[in-house]
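Chemist: Sequence plus the predicted model coming up.
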Amino acid sequence: MDIRDAMEIDAPGILRIYNDAVEHTTAIWNDQPSSLEARIAWLKERQQSGYPVIVAADGPDILGYGSFGAFRPWDGYRHTVEHSVYVDGAVRRMGIGHALMDRLVARARGMSKHVMVAGIEATNEPSLRLHARLGFIQVGHLRSVGRKFDRWLDLIFMQLVLGSEAAAGFSLEVVALPIAASLRFQNNRLASFGRLFGAERPRPSLFVGTPSSRWRDFVTVVTISCRIGRVR
Ligand SMILES: CC(C)(COP(=O)(O)OP(=O)(O)OC[C@H]1O[C@@H](n2cnc3c(N)ncnc32)[C@H](O)[C@@H]1OP(=O)(O)O)[C@@H](O)C(=O)NCCC(=O)NCCS
């Protein structure tokens, strides 16, 4: 099996898997099957927008496909993408969905995207488990927002944060708060000590206090710098 970028020649295979999902699953909330022309147009539109459409292929046979595109069409969402992944019913539970997702995550990282979002119908256990296995976490549950097969459908949002901003920001706070408190305490201590002898309040400086605490502050500042350096 090969995972590669989709070509127009793959459109019939993509169409077959897509229409099977339309007719038999709640993975796609459409009632009407799509056409070859519509799938080709979708493929071209994705590719022209710079988004990937990938297929899992065994020779000429398309076993599955995946893609992502803009999450929402406004500027502020440009670092977030929403993806979809479909595997032929005959070859499910053989690792193809996982392999496609691994590739989509790598492509999103390669495009410096920050977050991937999956919108999953709430009873779609295979997809929920697949995404949980990949590190996605559930972040939302919209109730009864869809309808198919004569029943209301809930939509679960799962997301994967790809960028390092969140982690670095947290670490920065964790490291910065103790150093700020430590500097203020040491500065005040020095000032009180100085005032005993009628000295002016010393000008605030970064490294104050005993040699050992200066060394600790130096290490902390270096740590902060390294963490800031990791933020993309
Ligand atoms: C969801 C889907 C893409 C999974 O593809 P797949 O190739 O069958 O999945 P994989 O074999 O790679 O399985 C990866 C993991 O997903 C989970 N999983 C997949 N199928 C599952 C099932 N039937 N029951 C429970 N967990 C399942 C498991 O955690 C599995 O890991 P494991 O086998 O080591 O336990 C596939 O079932 C599918 O195409 N479904 C219809 C379309 C769809 O729902 N797409 C997602 C829309 S959000």
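Modeler: Arrived safely.
Chemist: Alongside the ligand, which residues does this protein contribute?
Modeler: Within reach of the ligand by C-beta under 6 Å from any ligand atom, the chain has these residues: 21, 25, 27, 84-87, 92-98, 118, 120, 124-127, 129-130, 133. Glycine gets a C-beta too; all of them are placed from N, C-alpha and C.
Chemist: Now a PyMOL select for only the buried ones of those.
Modeler: What follows is the PyMOL syntax selecting those of the residues of the chain next to the ligand that are buried according to 16 or more other C-beta atoms under 10 Å:
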select buried, resi 21+25+27+84+85+86+87+96+97+118+120+124+127+130
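Chemist: just checking, which of the residues of the chain next to the ligand belong to helices?
Modeler: Assigned to helices by DSSP state H, the following of these qualify: 21, 96, 97, 98, 125, 126, 127, 129, 130, 133.
Chemist: I figured the last one hits residue 102, correct?
Modeler: Okay, so that is residue 133. No. Counting by C-beta atoms under 8 Å, residue 133 does not reach residue 102; the two are 10.7 Å apart.
Chemist: Give me the nearest residue to the residue in the chain that the ligand sits nearest to, chain neighbours excluded.
Modeler: Relative to the ligand, the nearest point of the chain is residue 97 (2.2 Å; C-beta to the nearest ligand atom). Leaving aside its chain neighbours, residue 97 sits nearest to residue 87 (4.9 Å; criterion: C-beta to C-beta, 6 or more residues apart in numbering).
Chemist: Kindly report the same for residue 78.
Modeler: residue 70 (7.6 Å).
Chemist: can you pull the contacts of the one you found?
Modeler: Listed by C-beta atoms under 8 Å, 6 or more residues apart in numbering, the contact set of residue 70 reads 49, 51, 77, 78, 80, 81, 82.
Chemist: what do you get for residue 136?
Modeler: 116, 118, 158, 159, 160.
Chemist: beta partners of the second one?
Modeler: The residues listed as beta-bridge partners of residue 118 by DSSP bridges are residue 158.
Chemist: Would you agree it is in contact with residue 158?
Modeler: Yes. The criterion here is C-beta under 8 Å, and residue 118 meets it with residue 158 at 4.7 Å.
Chemist: Before I go, just wanted to say thanks for your time.
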